[in-house]
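A.B. asks: Pasted the sequence and its predicted model underneath.
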Amino acid sequence: MPELLIFDTITPQQLSELGGQIAASLNQKQGFRLGESTVVSSYLHRTTYLHPDEIRILVNRDAGMELAHRETPGQIINVEIFHEPAVVKHQPLVKAIEETITAYLGFTGKQDPALDLFQSYAERIHLETGTGSGALIDLIAGSGSAGQAPAKPRRKSHVQFLLDRFATDDLPLIPCLVDAVENGLASQSLEIRKVEKVVHVEKKSRQPAPAYLFGLEPDKFQLWDMATTLTTMLSSPEEVIEFLQAFMPGLFRRKQSLANLRNKHGHMRDFVIGMSNAGLIKRGWFADTLTKEGRELLEFVMLHQRELESQMRKLLRQAPMPSARYRVVRSNRLKSRQKNYTYVSKTTVPLKDAWLGSIAVAETIVQSAKNRFFQKRSIPLLTRDDIRVHQQVMSKPVDVCLVIDGSASMAGPKMKAVWQLAEHLLLATRDRIAVVIFQRRKARVVISFTRNYTRLKLSLRSSMHPNGLTPLADGIVEALQLIKNRHVRNPLLVLITDGVPTFGKWTIDPRKDALRAAGMVPSSRAKLICIGVASNQEFLEELAIQAKGCVYIVDNLNERTTLIEIVRQERKYQTV
């Protein structure tokens with residue numbers, strides 16, 4: 001009999017409370033992360049091969065309706081225990097689950113009548129692994145299709161339970177089932193996979209329109225999907241090409257060393273495992289190499305590089321809702337001084353009581369056609385409601401200088417989020433963008449204020465490689481000097497860092513030097529905002545007090561959408 005560890009470490013009351021927590025999440029139509037490896041919800045779960053540790057709960061895909069063909073949502077609970085990709089033998093798990101249910105009935109005092117309750121659970125629990133699936137009662141009996149081994153065992157990364165019509169009183173059984181599976185996986189020498197993040201999203205329907213526009217054959221749609229996903233994660237098709245070429249067979253055919261890739265993209269183990277699961281990379285004892293499918297993807301990306309760049313620019317122009325939380329811990333609403341610059345642009349508005357300007361002919365004709373259709377006019381007359389006129393809109397430009405921590409801790413997704421923030425601001429606004437990076441022992445200007453997207457993109461990728469110490473004081477001074485020497489309009493300094501200064505500028509105390517540098521900001525024409533994480537919140541608050549600026553604390557610096565939202569909010573206030 002397997003070790004039923006959960007019954008040795010928990011009381012019936014604690015188990016009942018855990019079931020109540022699961023019930024509360026399900027009632028709120030939310031997923032529940034149980035332990036390190038398990039996700040529980042009423043919906044389908046998905047992972048991506050690029051982020052196997054991130055579980056996406058598809059809130060518009062009910063598990064019962066999609067997997068069990070139920071007409072009413074909420075009848076099936078989906079429980080998935082994640083582990084390393086492997087072929088999991090289902091027979092040992094079935095035996096462990098059978099013994100666990102029996103022990104659970106005795107542990108909770110539901111033993112009488114044990115046979116009826118056990119059979120009820122066994123009929124309502126569906127188990128699926130790579131070697132067998134079906135109702136638990138059929139798997140125990142070894143009868144029917146469920147008891148037969150599939151023609152080809154499948155490597156999977158999770159064990160799945162579908163629980164049918166589980167009431168609130170039944171939910172405490174879920175942690176016991178998970179414990180039995182985790183012990184069963186350990187007995188097969190398999191490691192569970194830690195779930196780092198759970199995200200609730202809506203599953204969007206497939207939109208192959210861009211592929212049609214590029215003249216792709218139907219069998220190339222999957223390549224297009226993989227190419228766009230990799231481009232999004234690695235920030236550009238050039239980065240995708242560079243990454244894939246690093247896994248070309250033969251050392252002399254590789255254009256980039258794996259060490260350089262790790263310096264640029266951070267820890268790549270999970271990323272490479274995901275690529276291997278997708279069949280793009282073959283793992284080897286001495287080196288990982290591209291498979292035939294991987295080489296096809298590389299050729300596809302090189303052939304459609306321009307289309308992928310266009311798609312990436314379209315994505316970067318958008319301002320999506322932030323996927324992570326942030327909070328303002330200190331706000332000083334001082335605007336940058338000397339706002340003597342404005343933009344004048346035209347927009348169209350309906351004609352009001354007074355004549356506001358010249359008539360917008362094209363927009364008036366379009367509106368007239370719409371109104372005629374919806375109001376079912378028989379005669380094509382132009383009415384007052386159809387008329388659109390031009391109106392001038394005044395806006396104030398903001399020149400944004402990103403002051404970026406380039407120390408080693410910023411490698412990987414954090415630095416890519418910064419790249420995408422800079423590109424979004426340039427593509428979606430009229431701002432001029434400058435980037436200053438501080439690393440090793442000094443700061444330097446990556447690119448001065450510009451509206452040239454190509455220059456910005458090339459400068460970011462060729463000059464920003466995280467490494468070394470954190471000379472924050474020099475970074476602030478360099479940014480202020482750049483503003484002083486340039487014809488800058490309403491400057492906004494955006495400091496992004498995940499740590500505290502580790503190298504000084506004037507003394508051997510880097511914190512003291514950084515606070516001294518921040519004290520120079522109020523006398524300049526700039527406004528400073530600091531974006532950091534909880535671990536450096538106290539220092540950033542001190543820094544903001546000296547600079548008379550604001551502090552934003554985020555869950556992590558990996559999320560470009562959160563950084564974009566923060567800077568957009570500050571820009572909005574600056575231009576009021």
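C.D. replies: Structure's in. What do you need?
A.B. asks: What are the buried residues along the helix or strand where residue 422 lies?
C.D. replies: Assessed by DSSP states H and E, residue 422 sits inside helix 413-428. By 16 or more other C-beta atoms under 10 Å, the buried positions in helix 413-428 come out as 413-427. Glycine gets a C-beta too; all of them are placed from N, C-alpha and C.
A.B. asks: how far does the next helix-or-strand element following that helix sit from the chain's center?
C.D. replies: For helix 413-428, the succeeding helix or strand toward the C-terminus, using DSSP H and E, is strand 433-439. Relative to its parent chain, strand 433-439 has a centroid offset of 24 Å by C-alpha atoms, centre = their mean, to the nearest Å.
A.B. asks: do the same with stretch 492-508
C.D. replies: Distance, centroid of stretch 492-508 to centroid of chain: 27 Å (C-alpha atoms, centre = their mean).
A.B. asks: hang on, the earlier thing: got a list of contacts for the helix holding residue 422?
C.D. replies: Residues outside helix 413-428 that contact it (C-beta atoms under 8 Å, 6 or more residues apart in numbering) are 233-235, 264-266, 313, 316-319, 400, 402, 404, 406, 410, 431, 433, 435, 450-451, 453, 456-457, 460-461, 464, 466, 496, 498, 556-560, 563-564, 567.
A.B. asks: what angle do it and strand 433-439 make?
C.D. replies: Angle of helix 413-428 versus strand 433-439, following axes from the mean of the first three to the mean of the last three C-alpha atoms, to 10 degrees, is 160 degrees.
A.B. asks: could you say what helices and strands the helix or strand where residue 242 lies packs with?
C.D. replies: In this assignment (DSSP H and E), residue 242 forms part of helix 237-245. In terms of contacts (3 or more C-beta pairs under 8 Å, 6 or more residues apart in numbering; DSSP states H and E), helix 237-245 is packed against helix 221-234, helix 258-265, helix 292-303, helix 305-317.
A.B. asks: Now the third one - C-alpha only, CSV.
C.D. replies: Right, the one you point to is helix 292-303. Output in CSV follows, covering the C-alpha atoms of helix 292-303 (Å, rounded to 0.1, in the frame of the first residue of the first chain):
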residue,chain,number,x,y,z
LYS,A,292,13.6,18.7,-39.5
GLU,A,293,10.6,20.7,-38.3
GLY,A,294,12.9,23.2,-36.6
ARG,A,295,14.9,23.8,-39.7
GLU,A,296,11.6,24.2,-41.7
LEU,A,297,10.6,26.9,-39.2
LEU,A,298,14.0,28.6,-39.5
GLU,A,299,13.6,28.8,-43.3
PHE,A,300,10.0,30.0,-42.9
VAL,A,301,11.0,32.8,-40.6
MET,A,302,13.9,33.9,-42.9
LEU,A,303,11.5,33.9,-45.9
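A.B. asks: Distance from the chain centre to it, please.
C.D. replies: 25 Å.
A.B. asks: So which bits of it are buried?
C.D. replies: Buried residues in helix 292-303 (16+ other C-beta under 10 Å): 293, 294, 295, 297, 298, 300, 301.
A.B. asks: Not counting its neighbours along the chain, what's nearest the first one?
C.D. replies: Yep, that's residue 293 we're talking about. residue 279 (5.1 Å; C-beta to C-beta, 6 or more residues apart in numbering).
A.B. asks: that older thread, so which of the helices and strands packed on helix 237-245 gets nearest residue 439?
C.D. replies: helix 258-265 (11.9 Å; C-beta to C-beta).
A.B. asks: any idea which helix or strand comes after the closest one?
C.D. replies: Trace forward from helix 258-265 with DSSP H and E and the next one is helix 269-277.
A.B. asks: just to revisit the earlier point, pick the one among the buried residues of helix 413-428 closest to residue 85.
C.D. replies: The closest of the buried residues of helix 413-428, once distances to residue 85 are taken by C-beta to C-beta, is residue 413, at 22.3 Å.
A.B. asks: could you measure that closest one against residue 29, distance?
C.D. replies: Applying C-beta to C-beta, to the nearest Å, the value for residue 413 to residue 29 is 29 Å.
A.B. asks: The helices and strands packed on helix 237-245: lowest mean pLDDT?
C.D. replies: Of all the helices and strands packed on helix 237-245, mean pLDDT reaches its minimum on helix 258-265 (a mean of 67).
A.B. asks: distance of residue 521 from residue 459?
C.D. replies: From residue 521 to residue 459 the distance is 24 Å (C-beta to C-beta).
A.B. asks: Who has more neighbours out of those two?
C.D. replies: residue 521 (24 against 18; other C-beta atoms under 10 Å).
A.B. asks: nearest spatial neighbour of the more buried one, skipping sequence neighbours?
C.D. replies: residue 547 (3.9 Å).
A.B. asks: Output the helix ranked longest in the chain in CSV with nothing but the alpha carbons.
C.D. replies: When the chain is parsed with DSSP state H, its longest helix is helix 90-107. Extracted in CSV, the C-alpha atoms of helix 90-107 (Å, rounded to 0.1, in the frame of the first residue of the first chain):
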residue,chain,number,x,y,z
HIS,A,90,-1.7,4.6,-15.4
GLN,A,91,-1.9,1.2,-13.6
PRO,A,92,0.1,2.2,-10.5
LEU,A,93,-1.8,5.4,-10.3
VAL,A,94,-5.2,3.6,-10.5
LYS,A,95,-4.2,1.4,-7.6
ALA,A,96,-2.9,4.3,-5.5
ILE,A,97,-6.1,6.3,-6.2
GLU,A,98,-8.3,3.3,-5.3
GLU,A,99,-6.5,3.0,-1.9
THR,A,100,-6.6,6.7,-1.4
ILE,A,101,-10.4,6.9,-1.8
THR,A,102,-10.9,4.1,0.7
ALA,A,103,-8.6,5.8,3.2
TYR,A,104,-10.4,9.1,2.7
LEU,A,105,-13.8,7.6,3.5
GLY,A,106,-12.4,6.2,6.7
PHE,A,107,-10.5,9.4,7.6
